[in-house]
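J.: Mind looking at a prediction? Sequence and model below.
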Amino acid sequence: MFCRNNARLHGKVVIVTGGSAGIGYEAAKILAENGARVIIASRNETKMKEAKKRIVEATNNNNIDYRTIDLASLKSVRKFVNETLQLEERIDVLINNAGAVGLPDRLTEDGLNLTMQVNYFGAFLLTFLLLPMLKVSAPSRVIISTASAMFVGTADFDHWNDIGRYNAVKSLANSKLADAMFMVELDKRVRGTGITANGMDPFLVRNTDILNNVDTVVAEISRVFVNIVGRTRKEAGNEMAYLATSPELRGVSGRNFKFCHVIFNHWLTHDEKLRQKLWNLSKKLVRITTEEDWENRSRA
């Protein structure tokens, strides 16, 4: 199903994490076609260079850039943010698309579960640090990748970063539940600023590298299933670009989308106290400093 719009984006700046491949690349290409300055954010510089080249050739839009970010490293996220704030005059859209499944069950150098950090904590930090510029650039949008796996996730904050406790599916589920709760709480905290925050469940997408970290046998079986029932990368990328730019979604916030329609969110996203606990714990675990904490400054 396509839900593409032709909003003209000249003068707009869009960041797409995981934009060098898969649905992130497709979304970046569509946004470039519509005139946006697109910043591809990913770990692999070689892949980003190639993605930039292909997008420029396909769209004749030379205003494409790339910047290295490793969501498994809080230091890398902060470096990306600092470079972006120095080089860009505005940010109109932040698309938190990057994610992974089947990562090794280990802690990162920041003491966080690798899957949780790549799929949630890294995106939380990136978004939190960029919110002041998003506010200055308003009306602006934040898109957060969700997944139906969240419905088997648990909000056991005391154990989310444990090692040896969860299998690959459960780790993914916990991280995507965190993303869904984060999206709703973000909507509440930025309401009235001109920033909107929405989630997108891409469903199953064919021909992506999301299964590259999964056990070989399981991955092959999964790919067969995905190739039968999944959607194309272009379809999912179209939806992502649609949520990021469509005029008809102006002011729509705090919603979870799938196949271009609002769908129900996890029931725990309606628990305000639980969302607040997650937000405050996340700030603590990603070590938001006094200088970075725009929330405290706004209260002063």
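T.: Looks like it arrived, so ask away. Residues are numbered from 1 along each chain as shown.
J.: Look up how far His10 lies from Thr154.
T.: 45 Å (C-beta to C-beta, to the nearest Å). For every residue, glycine as well, the C-beta is placed using N, CA and C.
J.: So if I had to pick from those two, which one is more boxed in?
T.: Taking other C-beta atoms under 10 Å, Thr154 and His10 do not tie; Thr154 has more neighbours (13 against 10).
J.: Count residues in the vicinity of the closest residue to that one other than its chain neighbours, would you?
T.: Nearest residue to Thr154, sequence neighbours excluded (C-beta to C-beta, 6 or more residues apart in numbering): Asn174, at 6.4 Å. Per other C-beta under 10 Å, the neighbour tally for Asn174 reads 28.
J.: so how far is Asp110 from Ser175?
T.: 15 Å.
J.: and these two? which has more neighbours close in?
T.: Remark: of Ser175 and Asp110, Ser175 carries more neighbours, 28 against 19, as counted by other C-beta under 10 Å.
J.: Test my guess that the more buried one contacts Ala123.
T.: No: counting by C-beta atoms under 8 Å, Ser175 does not reach Ala123; the two are 9.4 Å apart.
J.: can you give me phi and psi for Asn82?
T.: phi -60, psi -40 (degrees, to the nearest 10).
J.: Could you pull out the buried residues of stretch 284-295?
T.: Using 16 or more other C-beta atoms under 10 Å as the test for burial, stretch 284-295 gives 285-286, 288, 292.
J.: my bad, should have said stretch 125-135
T.: Buried-residue list, stretch 125-135, by 16+ other C-beta under 10 Å: 125-131, 133-135.
J.: do the same with stretch 187-202
T.: Residues of stretch 187-202 classed as buried under the neighbour-count rule (16+ other C-beta under 10 Å) are 187, 189-190, 195-202.
J.: Can you show me the helices along this structure?
T.: In the chain, the helices defined using DSSP state H lie at 22-33, 45-59, 74-87, 114-116, 122-136, 168-190, 216-229, 233-245, 272-285, 294-299.
J.: tell me how far the longest one is from the chain's mean position?
T.: In other words, helix 168-190. How far helix 168-190 lies from its chain's middle: 11 Å, per C-alpha atoms, centre = their mean, to the nearest Å.
J.: could you say what helices and strands that helix packs with?
T.: Applying 3 or more C-beta pairs under 8 Å, 6 or more residues apart in numbering; DSSP states H and E, one finds that helix 168-190 contacts helix 114-116, helix 122-136, strand 140-145, strand 195-200, helix 272-285.
J.: by how many degrees do it and strand 195-200 diverge?
T.: Going by axes from the mean of the first three to the mean of the last three C-alpha atoms, to 10 degrees, helix 168-190 is angled at 160 degrees with respect to strand 195-200.
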